[in-house]
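In: turn this into a structure:
(one chain, ligands or ions: 3)
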Amino acid sequence: MPMNFGLPFAMTLLRTLALSLATASGCTASTYHIGSRAVSASSKAGLAWPNGPYVDISQFTYTGKVSWYYTWSPYSISADIEFVPMLWGQAQAAEFSSTINQTIASQHVSAVLGMNEPQEPQQSNLTPDQGAQMWMTYLEPLRQQGVRLGSPAPSSAPSGLTWLQDFLASCAGGCTVDFIALHWYDVNATAFQVYLENFHATFQLPLWVTEWTCQNYNNVNAQCSLSDIVEFMNQTQLFMDQSTFVERYAWFGAMENLQGVNPADALMDTSGKINNLGKQYIGADSPQPSTSGNAKVMALSTWAVTFLALTALIGPFALF
Ligand SMILES: *[C@@H]1O[C@H](CO)[C@@H](O)[C@H](O)[C@H]1NC(C)=O
Ligand SMILES: *[C@@H]1O[C@H](CO)[C@@H](O)[C@H](O)[C@H]1NC(C)=O
Ligand SMILES: *[C@@H]1O[C@H](CO)[C@@H](O)[C@H](O)[C@H]1NC(C)=O
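Out: Ligands and ions are numbered 1, 2, ... in the order given. From the prediction side, this is the model:
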C-alpha cells in the first residue's frame with residue numbers, strides 16, 4: 001500500500017514566499033485575463049507551483065493547455081493563467097483570512113482549495129473535527145463571494161478516503177464541498193484510474209487531482225524510469241482529459257528539486273528550464289523518452305536577490 005507523501009518544505013516555502021511577496025509589492029498586480037476562461041477537456045492541466053516568481057512560468061503556459069496554477073498558499077504570482085488560492089492548514093490560517101477577500105476580488109478567483117493532506121502528521125495534521133471547524137470558519141463564508149470550494153486533499157494512504165468521510169460527518173451539513181481534491185503517488189496508471197473512480201463513486205462529486213506522479217513508496221529502490229514516467233503521464237493525463245468527472249489536475253512537479261520524490265518526474269531541469277517531460281505535459285511535444293534540456297544559468301533578478309537574502313535569514317531552505 002502506498003506510504004504517505006510528505007511536503008515538509010511547504011511551510012518554509014510558504015513563509016519565504018509570503019515574506020518575498022510582502023517585500024516586493026507590485027509584482028502581483030499584473031494583468032489577469034482569466035475570470036472568463038472556461039476549463040475544458042483540453043485545459044484541465046494546472047501547475048502546482050512552489051517557485052514563486054523565480055522560475056519563468058510562461059514556459060509552461062504558451063500552448064494554452066495549462067490553464068491554472070496554485071502555490072499551496074493564498075499568494076499568487078504574476079502569470080497569465082488562473083490562480084487558485086489554498087488554505088494549507090492551521091499555521092497559514094491568519095495570513096489566509098486576512099488576504100483572501102482581496103485576492104478573490106483582484107485575481108478573479110473562481111475556486112479555493114482546502115487543507116493539504118490533513119491526515120498526515122507532517123502535513124496539515126488535522127482530525128476530521130478540526131478540519132470541519134477550520135472549513136466552517138475560513139472557507140464556507142467565501143461562498144458568498146461566488147467561489148467554488150475544494151475539499152481538503154488527502155494523501156493516497158488508505159486513511160485518505162475515510163478522513164474525508166469523517167470530515168463530512170463532522171461538518172453535519174455545514175461544509176459545502178463543490179469538488180473533491182486528492183493526491184496520488186504510485187506507479188500503476190490503471191490503479192490510479194481505479195482510485196479516482198472509487199473517490200468519484202463514493203462522494204459523487206467532481207475531482208481535482210492536485211498532486212500526482214510516478215513515485216514508488218513501497219520500494220524506494222524501484223523507481224520509475226524516464227520511459228515509465230513518459231508512459232504513465234501519457235496514460236493518466238489522457239484518462240483525466242477524457243474523464244467526465246475529473247475537472248482539473250496538477251502533476252508533481254513543476255520544480256527544480258522534487259524533495260525526495262523521483263527526480264525524473266520533474267517538469268523542468270535543475271536550472272528551471274522546461275524539459276521534455278514538461279513539454280509533453282503542456283502538449284508541446286508528443287511523448288518521447290529522452291534527456292532533459294540543456295542547463296542554463298538563470299539571471300539573478302532583484303527578486304532572486306531578495307529571495308536568496310530571505311532564505312539565508314530564515315535558514316536552510318529545502319528547495320535548494
Ligand atoms: C471576507 O468576506 C467574508 C464574506 O464572504 C466576511 O465574512 C469576512 O469578514 C471578510 N473578511 C475580511 C478580513 O474582511
Ligand atoms: C495495476 O493495477 C491494476 C488495477 O488495480 C491491476 O489489475 C494490475 O494488476 C496492476 N498491475 C501491476 C503490474 O501490478
Ligand atoms: C500515449 O498514449 C497513446 C494512446 O493510448 C498511445 O497510442 C501512445 O503509444 C502512447 N505513447 C507513449 C510514449 O506511451
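In: please report how far residue 59 lies from residue 273.
Out: 7 Å (C-beta to C-beta, to the nearest Å). From N, CA and C alone the C-beta is placed, and that goes for glycine too.
In: and residue 46, by the same measure?
Out: Taken as C-beta to C-beta, the span from residue 46 to residue 273 is 20 Å.
In: show me what counts as buried in stretch 101-117.
Out: Judged by neighbour count using 16 or more other C-beta atoms under 10 Å, the buried positions of stretch 101-117 are 103, 104, 107, 109, 110, 111, 112, 113, 114, 115, 116, 117.
In: now those residues in CSV, with pLDDT and secondary structure?
Out: Converted to CSV, these look like this (pLDDT from 0 to 100; DSSP: H, G, I helix; E, B strand; the rest coil):
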residue, pLDDT, secondary structure
103, 97, helix
104, 97, helix
107, 94, helix
109, 97, coil
110, 96, coil
111, 98, strand
112, 98, strand
113, 98, strand
114, 98, coil
115, 98, coil
116, 97, strand
117, 97, coil
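In: need the pLDDT of residue 27.
Out: On pLDDT, residue 27 comes in at 32.
In: what is the rounded mean pLDDT of stretch 158-167?
Out: Stretch 158-167 comes out at a mean pLDDT of 97.
In: and stretch 279-295, by the same measure?
Out: Stretch 279-295 comes out at a mean pLDDT of 72.
In: now name the helix or strand holding residue 106.
Out: helix 93-107 (DSSP states H and E).
In: against which helices or strands is the helix or strand containing residue 211 packed?
Out: If you go by DSSP H and E, residue 211 is part of strand 207-214. Where contact means 3 or more C-beta pairs under 8 Å, 6 or more residues apart in numbering; DSSP states H and E, strand 207-214 is packed against strand 45-48, strand 180-186, helix 189-203, helix 226-242, strand 246-251.
In: one more pass at 6 Å, please.
Out: strand 180-186, strand 246-251 (3 or more C-beta pairs under 6 Å, 6 or more residues apart in numbering; DSSP states H and E).
In: please identify the buried residues of that strand?
Out: 207, 208, 209, 210, 211, 212, 213, 214.
In: just checking, the third one touches residue 249?
Out: If I follow you right, that is residue 209. Yes: between residue 209 and residue 249 a contact is recorded at 4.1 Å, counting by C-beta atoms under 6 Å.
In: and stretch 62-77, average pLDDT?
Out: 96.
In: mind listing what's buried in that stretch?
Out: So, applying 16+ other C-beta under 10 Å, buried residues of stretch 62-77: 65-77.
In: just the helices in the protein please.
Out: 10-23, 58-61, 93-107, 128-134, 159-171, 189-203, 226-242, 276-281, 302-314 (DSSP state H).
In: so of those helices, which one's packed in deepest?
Out: With neighbours defined as mean count of other C-beta atoms under 10 Å, the helices of the chain peak in mean count at helix 276-281, which reaches a mean of 22.
In: point to the residue nearest the middle of this protein.
Out: residue 48 (3.3 Å; C-alpha atoms, centre = their mean).
In: how far away is that one from residue 66?
Out: Applying C-beta to C-beta to residue 48 and residue 66 gives a distance of 11 Å.
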